[in-house]
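Engineer: Next one to model:
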Amino acid sequence: LTLLAERAPKVIEEAQHEAEQINDQFPHLRGYFEENTIGISSKADVIKDAQTRFIRDQREILCKSTESLTDADFERSMNLAGRALTEYILFRQKTIERLKEVDKKDLEATIHNVIVPQRTVLREGDFSQDIYKNNSWILDDKFMTYSTVLSEMEMTDLIKELTKDENVERNDDRPDIAVIFSNDPKTSEKFDVVIIELKRKGLKSEDNIRIEAQLEKRARDLFSIYPNKIQSLWLYGIVELDNDYKAVLSTAGYQPMFSKGNIFVHTGDITVDWESRTKIPAVRYILDFDALVNDADARNKTFLNIIKSKF
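Structural biologist: Residues are numbered from 1 along each chain as shown. Model prediction:
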């Protein structure tokens with residue numbers, strides 16, 4: 001390196017610049033990079049080798065029983081845990097960047113599959129293996145905790161999850177994403193359900209407005225099949241909001257919320273049966289794509305900034 005520095009200082013300078021970029025891009029691998037190979041080996045190989053060493057250390061610590069951990073091992077395990085969390089936060093940022101690239105040419109499925117892959121069911125017991133599939137945290141971080149997530153599944157499937165009954169009348173209507181927050185509905189007096197409906201970019205205002213009717217229909221379908229068990233409903237409609245639609249929402253009693261995009265919220269109950277005047281608590285959110293993406297970006301960058309300052 002001394003000889004190289006004398007003959008080609010520009011090469012050393014470029015290697016140092018590349019090292020800074022790699023460490024900034026992959027802070028969870030800082031200390032695992034072979035600094036002497038940066039600028040000589042390909043960037044992909046440098047990252048791959050560092051990732052291999054990181055995984056090897058994780059495996060080594062995991063193979064030890066809790067009782068056999070020394071103080072040094074414990075400190076090392078905490079360090080690795082912090083790096084693993086950093087890796088997840090970086091994954092979240094990549095997910096947000098993918099959503100930023102969505103435009104009017106993309107189908108609704110493009111957005112849907114980034115949040116939760118279509119035609120999948122995620123369960124609480126499989127949380128660790130599904131953590132990179134359930135990206136409903138993009139709406140709210142509390143959605144990282146759930147009993148069940150159903151993506152593009154029939155209402156029949158959702159009802160079966162709620163009732164634990166296989167003999168359910170067929171309903172082939174498909175909520176985009178449904179999240180159940182509850183214990184076993186057979187033993188719990190009440191439970192909460194989140195319904196998320198998506199509309200692709202570029203639709204006309206009259207097409208977007210239909211999302212409210214969709215959300216309320218989900219509420220009535222749920223209640224009619226399983227009455228008196230829903231504690232509350234959380235209904236999300238993700239659409240493009242123009243001035244006309246904003247005026248419609250304001251007239252309907254929606255209130256704007258603080259956001260880096262546009263979010264309107266309605267906290268009034270939904271009438272699920274007109275004859276009996278039965279109502280259930282429901283919080284309805286209508287938000288645009290900028291609110292979905294930019295609010296998630298702001299939250300995640302807070303974690304990124306803390307991580308970068310610590311590393």
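Engineer: Report the separation between the residue nearest to Gly253 when sequence neighbours are not counted and Met257.
Structural biologist: Closest residue to Gly253 apart from its sequence neighbours, by C-beta to C-beta, 6 or more residues apart in numbering: His266 at 5.6 Å. Placement of C-beta: from N, CA and C, glycine included. According to C-beta to C-beta, to the nearest Å, His266 and Met257 sit 11 Å apart.
Engineer: Looking at those two, which is more packed in?
Structural biologist: The neighbour count for His266 versus Met257, taken as other C-beta atoms under 10 Å, is higher for His266 (18 against 13).
Engineer: Quick check: phi and psi at that one.
Structural biologist: Phi and psi for His266, reported as degrees, to the nearest 10, are phi -130, psi 120.
Engineer: tell me the pLDDT at the residue nearest to Gly253?
Structural biologist: pLDDT, His266: 95.
Engineer: same thing with Leu150?
Structural biologist: Leu150 is assigned a predicted lDDT (pLDDT) of 85.
Engineer: Where does the prediction get shaky in the stretch 151-300 of the chain?
Structural biologist: The model of the stretch 151-300 of the chain has pLDDT under 70 over residues 159, 162-169, 171-172, 182-189, 225-229.
Engineer: in it, which spans are strands?
Structural biologist: For the stretch 151-300 of the chain, applying DSSP state E, counting those that start in this stretch gives strands covering 177-181, 191-198, 230-238, 255-257, 263-266, 270-273, 278-280, 282-287.
Engineer: want to try JSON lines for those strands, with distance to Asn294 as columns?
Structural biologist: Below are the strands of the stretch 151-300 of the chain laid out as JSON lines (distance: least, C-beta to C-beta, whole Å):
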{"stretch": "strand 177-181", "distance to Asn294": "20"}
{"stretch": "strand 191-198", "distance to Asn294": "17"}
{"stretch": "strand 230-238", "distance to Asn294": "13"}
{"stretch": "strand 255-257", "distance to Asn294": "13"}
{"stretch": "strand 263-266", "distance to Asn294": "11"}
{"stretch": "strand 270-273", "distance to Asn294": "29"}
{"stretch": "strand 278-280", "distance to Asn294": "31"}
{"stretch": "strand 282-287", "distance to Asn294": "11"}
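Engineer: For Arg30, find the nearest of those strands.
Structural biologist: Evaluated with C-beta to C-beta, the strands of the stretch 151-300 of the chain place strand 177-181 nearest to Arg30, the distance being 35.2 Å.
Engineer: who does that closest one touch, helix- and strand-wise?
Structural biologist: Applying 3 or more C-beta pairs under 8 Å, 6 or more residues apart in numbering; DSSP states H and E, one finds that strand 177-181 contacts strand 148-151, helix 155-163, strand 191-198.
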